Structure formats: C-alpha cells, structure tokens
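[1] Return atomic coordinates for the entry below.
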Amino acid sequence: MIFSFLRPPRTAFIRLQTGSCKACWRCVRVCPQNVLEKVDVLGHRHARIEDPNRCTGCLKCAEVCAFEAVTSIEGNTPMTTIEPRTTEPKVVKRIFNKRAFTSVAMVVSGLILPVSGTLNHDLQFSGLTTERHFWMAVHNSAATLFVLFAIMHVTFNWKALSHYLRNMRKYFPSREALAAIGLVILVVGLFASHALHAG
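    Okay, here's the model as predicted:
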C-alpha cells in the first residue's frame with residue numbers, strides 16, 4: 001500500500017516515474033494485464049507497477065499518459081502500430097476519494113479519543129455536570145466514528161491487508177512483534193495498576 005519504493009520502477013517494456021504521475025488513473029484502467037495499480041494514501045497519489053512480469057508491451061498505458069510518467073523502453077517495443085500521443089492537455093475530472101476520506105476521518109476521530117478520555121477520567125467524581133456530559137458525548141461519538149471508519153478502512157484495503165497478514169505469519173513471533181506486544185502490555189499495566197492502590 002504505502003511502501004511503493006519496494007516496487008520495481010519498470011518492466012521489460014515500460015518505465016514509470018512516480019514523481020511525474022498526476023494520479024489520473026488512465027494507465028491503470030487501460031492495462032489489460034493489471035500490471036499497474038493505484039497508490040492512494042495520505043500524501044501518496046500515483047500509479048505503481050504491481051507485477052512487471054505480466055507486462056506484454058502493449059504500451060496502452062504509455063499512450064494514454066498525458067504527463068509522460070509512463071514511457072516505453074527503447075529497443076523493447078513490440079511490433080505494433082502506436083498512434084502518436086497528443087500533446088494537448090487533458091482535463092482530468094477529480095472524483096471523490098473514499099479511501100482518503102475514510103483515512104482522514106479515522107485519524108481525526110482517533111486523535112479526539114485520548115483527549116476526551118483523559119477529561120472524562122478527570123471529571124469522573126464531579127457528578128453529571130454539563131462539562132462532564134459534554135465530554136462524555138464527545139468521547140462516545142468519536143469512539144463510534146473511529147470504529148465505523150476503521151471498519152471501512154479495512155474493507156477498502158482488504159486485499160493489501162490480507163496479503164500482509166499472510167506474509168506476517170512467516171515471521172511471527174519476531175523480535176519486533178514481541179517487543180510491540182511487550183510495550184503495550186507494560187504501558188497499559190502501569191497506567192492500570194494505580195487502581196489497585198486506590199481507596
């Protein structure tokens with residue numbers, strides 16, 4: 001998903017320059033072999049080469065790219081007739097990006113949770129005042145939205161996430177996984193242990 005630098009920048013027939021890509025997705029749509037795919041994460045919007053071995057050199061992606069982000073590799077062009085690419089700028093109609101919307105909404109609602117949770121904790125013995133009622137409503141609504149958008153995020157990125165989880169089984173339990181689990185248990189345990197000494 002995000003680690004596009006791990007993908008090859010070329011196949012036997014085309015070269016992809018992500019810095020020139022304007023994320024119009026024409027190349028992704030016209031590729032008959034699904035060689036190209038979208039990267040559409042916060043701060044990263046461009047096409048990338050998913051599987052260079054599928055490329056048959058039809059060069060349809062290079063034909064439709066108005067920004068010369070996809071170019072053919074000299075000497076490896078197949079024996080087909082390719083019409084010259086127009087130099088006229090093409091108007092790209094930007095559609096509403098559901099993945100970006102979901103990611104931003106999940107981050108914003110997630111950032112609200114520790115603030116509202118801390119304030120609820122501080123106000124727990126003050127009765128149902130207006131202030132406490134307000135922060136309870138903020139915390140509950142933010143938590144609901146966070147869970148909803150997290151489910152949507154998993155749904156939109158299920159293919160990549162399932163691929164990652166399948167590969168993760170090869171390395172689990174790794175030192176990194178054990179360190180992460182240990183850190184979470186330690187921090188949660190330290191913060192929760194004060195309840196054992198209360199009262």
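[2] Show me the protein divided up by domain.
    In terms of domains, the chain is parsed into 4-72, 97-159, 169-199 (source: automatic domain parsing).
[3] Burial-wise, tell me which of these comes out on top.
    Of all those, domain 4-72 carries the top mean neighbour count, a mean of 17, counting by mean count of other Cβ atoms under 10 Å. C-betas here are computed from N, CA, C, even on glycine.
[4] would JSON lines of the domains of the chain with mean pLDDT be doable?
    Formatted as JSON lines, the domains of the chain follow (pLDDT from 0 to 100):
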{"stretch": "domain 4-72", "mean pLDDT": "84"}
{"stretch": "domain 97-159", "mean pLDDT": "89"}
{"stretch": "domain 169-199", "mean pLDDT": "78"}
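[5] So the residue nearest to the spatial centre of the chain versus residue 157, what's the distance?
    Nearest residue to the geometric centre of the chain (Cα atoms, centre = their mean): residue 41, 3.9 Å. Remark: distance between residue 41 and residue 157 (Cβ to Cβ, to the nearest Å) = 9 Å.
[6] go on, residue 67?
    Remark: distance between residue 67 and residue 157 (Cβ to Cβ) = 26 Å.
[7] Residue 66 too?
    Relative to residue 157, residue 66 is positioned 28 Å away (criterion: Cβ to Cβ).
[8] Which strand or helix spans residue 183?
    helix 175-192 (DSSP states H and E).
[9] Next SSE downstream of that helix?
    Downstream of helix 175-192 (by DSSP H and E), the next one is helix 194-197.
[10] Extract the C-alpha trace of that next one and format it as PDB.
    Taking Å, rounded to 0.1, in the frame of the first residue of the first chain, the C-alpha atoms of helix 194-197 are listed here in PDB:
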ATOM      1  CA  HIS A 194      -2.900   2.700  40.100                       C
ATOM      2  CA  ALA A 195      -6.500   1.300  40.500                       C
ATOM      3  CA  LEU A 196      -5.100  -1.500  42.700                       C
ATOM      4  CA  HIS A 197      -3.800   1.100  45.200                       C
END
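[11] Tell me which other helices or strands that helix touches.
    Applying 3 or more Cβ pairs under 8 Å, 6 or more residues apart in numbering; DSSP states H and E, we find helix 194-197 packed against no helix or strand.
[12] and that helix, how far out from the chain's middle?
    Its chain's C-alpha centre lies 40 Å from the corresponding centre of helix 194-197 when counted by Cα atoms, centre = their mean, to the nearest Å.
[13] So which residues make contact with that helix?
    Applying Cβ atoms under 8 Å, 6 or more residues apart in numbering, helix 194-197 turns out to have no external contacts.
[14] The longest helix along the chain packs against which elements?
    Using DSSP state H, we find that the single longest helix of the chain is helix 130-156. Using 3+ Cβ pairs under 8 Å, 6+ apart as the contact test, the elements touching helix 130-156 are helix 98-122.
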